[in-house]
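In: build me a structure from this.
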Amino acid sequence: MDIEQARFNMVEQQVRPWEVLDAKVLDLLFKVRREDYVPPVYRSLAFVDMEIPLGHDEAMWEPKIEARALQALQVKPHERVLEVGTGSGYFTALLASQAGVVVSVELHADLKDQAEQKFRAHGLTNIQTRLGDAARDWTEDGAFDVIVLTGSTPLLPEAFLKRLNPGGRLFALVGEGVIMSARLVTATTAGVFRADNLFETRAKALQNALQPARFTF
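Out: Numbers count the residues shown, from 1 in each chain. Below is the predicted model of the structure:
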């Protein structure tokens, strides 16, 4: 496989048609090597428009969703980022290429360890990995300028909004079933939020994600 041609095709045929035109985001997709973060058995699928399994019923987002999320968040070099779900570590690396610090929380120790090895191999020193369950909140690292949930959640926990600094942004795929909404929440001022639904998609849910009340008869 011609890796560079496949990467170019991914950007031109998948990402750009999904309204990703931010030059900084497009440049990152060429800079951060997606194939280095895909499980070896799926390396040939690194640039395909599909979720890639990671084990534990987790998966990498499609490239177009990764790019749309980055474009929406507009991460700045001084900002602190919380990522819920390290997964393969690829999206973590994309965030770290833009942010000051990324705190990435992973539920599964083997995925965390594998991601850490990749971060070291690529000289990414501004990523702080954590082992734990952050599907509903993460209390250990204070407030953040950016929060990203890398799995979907039927309901968006309000606890995350309280962790956003003024001007902060949160990206999450909210809903369940066949259609979910990619939502960007902005803390316009302290305690005041604006929510924008960006597009519809579908993705695997975070394990232990907040669920709506279920009625039984």
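
In: only C-alpha atoms from now on, for both contacts and neighbour counts.
Out: Fine.

In: quick one, helices of this structure?
Out: Assigned by DSSP state H, the chain shows helices spanning 3-9, 23-31, 63-73, 90-96, 109-121, 158-161.

In: relative to residue 53, which of these is closest?
Out: Distance to residue 53, taken as Cα to Cα, is lowest for helix 109-121 among the helices of the chain, at 11.9 Å.

In: what about residue 101, how many neighbours?
Out: Using other Cα atoms under 10 Å, residue 101 has 20 other residues around it.

In: about what we covered before: which one of the helices of the chain is the most hemmed in?
Out: helix 90-96 (a mean of 24; mean count of other Cα atoms under 10 Å).

In: re the thing from before, of all the helices of the chain, which one is nearest residue 37?
Out: helix 90-96 (5.5 Å).

In: packing partners for the closest one?
Out: Helices and strands touching helix 90-96, as assessed by 3 or more Cα pairs under 8 Å, 6 or more residues apart in numbering; DSSP states H and E, comprise strand 101-106.

In: let me see the contact set for the most centrally placed residue in the chain.
Out: Closest to where the C-alpha atoms of the chain average out (Cα atoms, centre = their mean) is residue 150, at 4.0 Å. For residue 150, the contact set (Cα atoms under 8 Å, 6 or more residues apart in numbering) comprises 61, 83, 84, 85, 86, 172, 173, 206.

In: go again with 10 Å.
Out: Taking Cα atoms under 10 Å, 6 or more residues apart in numbering, we find residue 150 in contact with 58-61, 66, 69, 83-87, 91-92, 135, 171-173, 203-206.

In: show me how to select, in ChimeraX, the buried members of the residues you listed.
Out: In ChimeraX syntax, the buried subset of the contacts of residue 150 is picked out as below (16 or more other Cα atoms under 10 Å):
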select :58,59,60,61,66,69,83,84,85,86,87,91,92,135,171,172,173,203,204,205,206
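
In: and the strands in the chain, which stretches?
Out: 52-55, 58-60, 80-84, 101-106, 127-131, 144-149, 164-174, 180-189, 192-201 (DSSP state E).

In: need these in JSON lines (columns: distance to residue 155).
Out: JSON lines is the format used below for the strands of the chain (distance: least, Cα to Cα, whole Å):
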{"stretch": "strand 52-55", "distance to residue 155": "24"}
{"stretch": "strand 58-60", "distance to residue 155": "19"}
{"stretch": "strand 80-84", "distance to residue 155": "15"}
{"stretch": "strand 101-106", "distance to residue 155": "19"}
{"stretch": "strand 127-131", "distance to residue 155": "23"}
{"stretch": "strand 144-149", "distance to residue 155": "12"}
{"stretch": "strand 164-174", "distance to residue 155": "6"}
{"stretch": "strand 180-189", "distance to residue 155": "11"}
{"stretch": "strand 192-201", "distance to residue 155": "14"}
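
In: mind putting those in CSV, mean pLDDT and distance to residue 28 included?
Out: Listed next are the strands of the chain as CSV, based on pLDDT from 0 to 100; distance: least, Cα to Cα, whole Å:
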stretch, mean pLDDT, distance to residue 28
strand 52-55, 96, 20
strand 58-60, 95, 17
strand 80-84, 98, 17
strand 101-106, 98, 16
strand 127-131, 98, 17
strand 144-149, 98, 18
strand 164-174, 97, 19
strand 180-189, 96, 21
strand 192-201, 96, 21
